[in-house]
Every structure is written in C-alpha cells, then in structure tokens.
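Asks: structure for this input, please:
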Amino acid sequence: MRNEKLPTIMTPLLRIIALALFGLSLMACATTATKPKQVWYQQDTLDSTMRADLAACKSDTTDPEMIDSCMRTRGYLLIPQPQAELLIVRSLQEEGLSDDEIVTQLQWNERKVRRYLDEDYELPRTASLGRQPVEISTRIGKPAVRPLIADLKDNDPLVRSNAVKALGAIKDPRAVEPLIAVLNDMDPLIQRQTVKALGRINDLRAVEPLIGVLENREKKPHVRMSAAEALGRIGDSRAVESLVAALDDPYWDVRAHAVEALGRIGDPRAVEPLIATLKDQDATVRGNAVDGLAKINDPRVLEGLSAALTDKSKTVRKKAARALAVIAGEDFGER
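Replies: Below you'll find the predicted structure:
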C-alpha cells in the first residue's frame, strides 16, 4: 500500500520542481541577453559589516600592519568596499588621467582596475570615502584626496570628520584651502580636527587662519589649544605675538600649548613672556615654560631657569636643573 501511494504523492512535487527550474533557466537567459547596467547595492550593509570586521581586527593590536593583515585574512584588499574603489577610479578619470596612468598610480590588482575602467558601472549616489574608516582612506593616499575634499561639504558630520582626519593623515597640500574653509564648521569637534589636520600638513598658508582661531575667544578652549599646537608644529614666527597673548588665556591647557609652541618656534621675543609664565598658577604651564626657555638661544633664559630651581613643583625643579646642566656644557653662541 505504501509503495503504491508514493508515486502519486511525488508526481505533483516533481512537476513543481521542473517548472521552477524551467523558470530559472528563462530568467538566466533574459539576464544574459539584456546585460543591465551594474549597480553596487546595499552600501549600508557593507558599511556595517566592514566596520564590525575592522573593530574585531583592532581589538587585539594598534599596529597598522597587523590590522591590515587581519583585514586581508577576512577577505579585504586595499579598500573593502567596491563603491570606494569605483569612486577613486572615477575621480582620477575626471582629473584627466589616462587608463594606464590610473592603473600605475593606484597599484591595485590591474585586472580589477581595468574592469572599473572598461565596464559601465554606475556610481551610487551615496558613495563616499568619508563613510569608510579613516585607516582605509589613509592607505589609499593621494588618489583619495579629491573625493575626500568633496566630502568636507557633506551634511553628515561623521563623513566630514572622517574626511578631515584622513586628509590630515595624507598631508597633501591640495587639502589646505578646503580645510581652512572648514575651520568655521558648526561642530566644534570638527573644528578641532581640522586645526590638527592643518598642523600635520604643515603648510604656511594655514598660519594666518590658525592665528585667527587662536585669537577668537568664542571658540571652544580645546579648539584654541589645538590651534596653538598646530602653530608650534608649523613653526612660523608670525604666530609669536598671538601665542604670547595666549599666555593670559583663562584656560590652563590653552596656556600650556601656547608655551610649548613658543619653545618650538624658538623666537627670542618669547623669552621675557616665558620667564613671566614661570609664575603661572598651573605646574604644567610652568614646566612647559622651562622646556620652552631651554630651546631658545638667548642668554636671558638663564635667569628664568635659575628662578625655576626653587619652584614648588618637584617636576618643574627637575626640568630646570636638567636644562641648566645641558646649557652649562654649551656656549650659547654655538647652539
């Protein structure tokens, strides 16, 4: 009885399977015949997956090479998302580079780059390097600069923030003017990141705008603090007067970074103001003043450093003693 019913039950099922397979074959033929324009889908899903993988790789190490190796074991190459790869290729095409020049500049898998160049892929409207982790844009380097500059005007603060940080890490001079425009971003955190980025790029065009940030008391203290630090990195003497004025800032961290910047610049005009700063109420500021004086080639620093030997802070006293010991073995005229 059981064997007689089995074919009766299976026959309708087999017919359904056969019809389904026939339908799939027709769809495959239609797809092959029409070859619709290819579009990269599910960017948000790719973003979340990529970020999860990157977080897992960064959980055990901070070494960029180890992180990169970990990402590669998870199936990623130079850029995890194809949208970003396509965005870079399209950007270089808009700059007028030939296909061969693009292949040479990117140094990716040549077959992959040629495919982006030859196939009619449609760039997603939401494609953005600013939506990638900063480490990825940084590894791309100079070819990423143009798309990152475009991301500085994005409505999403995360995109603008990532773009600013990546441009600061790449250090391409093309980013200076666009970053200067971002100094007035509505988000104070992005303002600070922009100041830091300009300091890393170390371009003289940024000096006057950074001075403006330092002198603007309406800016958040951490933004002005970073402006002082950036001016010290650049080391241009035009910043001395503004940095000296910042020694009276009501926030100790602004004063501390201004003192440090004056020491890095090493302009003799800073000697007397730094000596006066040895009486600051904050020990960190006084310690930075000692370090700053020790870097300036001027005999007047001896007066300040000697006075610092009696500072109430043990750390400041040690710094002063160390600085005087170094100076004692040197002739100021030969420093």
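Asks: give me the low-pLDDT residue ranges for the stretch 201-335 of the chain?
Replies: Across the stretch 201-335 of the chain, the ranges flagged by pLDDT under 70 are 330-335.
Asks: spatially nearest residue to Asn162 (excluding sequence neighbours)?
Replies: Excluding its sequence neighbours, the residue lying closest to Asn162 (C-beta to C-beta, 6 or more residues apart in numbering) is Gly130, at 4.6 Å. Yep, even glycine has a C-beta here, placed from its N, CA and C like the rest.
Asks: quick one: contacts for that neighbour?
Replies: Applying C-beta atoms under 8 Å, 6 or more residues apart in numbering, one finds that Gly130 lies in contact with 137, 148, 151, 154, 156, 158-163, 166.
Asks: CA atoms only: put stretch 312-322 into CSV for me.
Replies: C-alpha atoms of stretch 312-322 as CSV (Å, rounded to 0.1, in the frame of the first residue of the first chain):
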residue,chain,number,x,y,z
LYS,A,312,57.2,74.5,44.5
SER,A,313,56.7,71.7,42.0
LYS,A,314,59.4,69.0,42.1
THR,A,315,58.8,68.2,38.4
VAL,A,316,59.5,71.9,37.4
ARG,A,317,62.6,72.0,39.6
LYS,A,318,64.0,68.8,38.0
LYS,A,319,63.3,70.2,34.5
ALA,A,320,65.1,73.5,35.3
ALA,A,321,68.1,71.7,36.8
ARG,A,322,68.3,69.4,33.8
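Asks: what lies in contact with the host helix or strand of Arg111?
Replies: Per DSSP states H and E, Arg111 falls inside helix 110-118. For helix 110-118, the surrounding residues in contact (C-beta under 8 Å, 6+ apart) are 85-86, 89, 93, 99, 102-103, 106.
Asks: check the offset of it from the chain's centre.
Replies: In terms of C-alpha atoms, centre = their mean, to the nearest Å, the centre of helix 110-118 is set 28 Å apart from its chain centre.
Asks: do the same with stretch 226-241
Replies: Distance, stretch centre to chain centre, for stretch 226-241: 20 Å (C-alpha atoms, centre = their mean).
Asks: count the neighbours of Arg224 for me.
Replies: Neighbourhood size, Arg224 [other C-beta atoms under 10 Å]: 26.
Asks: the residue lying closest to Lys153 once chain neighbours are set aside: what secondary structure?
Replies: Nearest non-adjacent residue to Lys153, counting by C-beta to C-beta, 6+ apart: Arg160, 7.8 Å away. Of the three states, Arg160 takes helix under DSSP: H, G, I helix; E, B strand; the rest coil.
Asks: and Arg160, how many neighbours?
Replies: Neighbours of Arg160 using other C-beta under 10 Å come to 23.
Asks: what pLDDT is listed against it?
Replies: Looking at Arg160, its pLDDT stands at 92.
Asks: I figured it hits Asp154, correct?
Replies: Yes: when contacts are counted by C-beta atoms under 8 Å, Arg160 is listed as touching Asp154 (5.5 Å).
Asks: please enumerate the strands of the stretch 101-250 of the chain.
Replies: Taking DSSP state E, counting those that start in this stretch, the stretch 101-250 of the chain contains no strands at all.
Asks: now the helices for it?
Replies: Secondary structure of the stretch 101-250 of the chain, counting by DSSP state H, counting those that start in this stretch: helices at 110-118, 134-140, 145-151, 157-170, 176-182, 188-201, 207-215, 221-234, 240-245.
Asks: any chance of the contacts of helix 110-118 in JSON lines, with neighbour count and distance to Pro188 too?
Replies: Shown next, in JSON lines, are the contacts of helix 110-118 (neighbours: other C-beta atoms under 10 Å; distance: C-beta to C-beta, whole Å):
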{"residue": "Glu85", "neighbour count": "24", "distance to Pro188": "34"}
{"residue": "Leu86", "neighbour count": "20", "distance to Pro188": "34"}
{"residue": "Val89", "neighbour count": "25", "distance to Pro188": "35"}
{"residue": "Gln93", "neighbour count": "14", "distance to Pro188": "37"}
{"residue": "Asp99", "neighbour count": "15", "distance to Pro188": "44"}
{"residue": "Ile102", "neighbour count": "22", "distance to Pro188": "38"}
{"residue": "Val103", "neighbour count": "20", "distance to Pro188": "42"}
{"residue": "Leu106", "neighbour count": "22", "distance to Pro188": "36"}
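Asks: out of these, which is nearest to Asp172?
Replies: Asp172 has its nearest neighbour among the contacts of helix 110-118 in Leu106, at 15.7 Å by C-beta to C-beta.
Asks: please consider this matter closed, and thank you.
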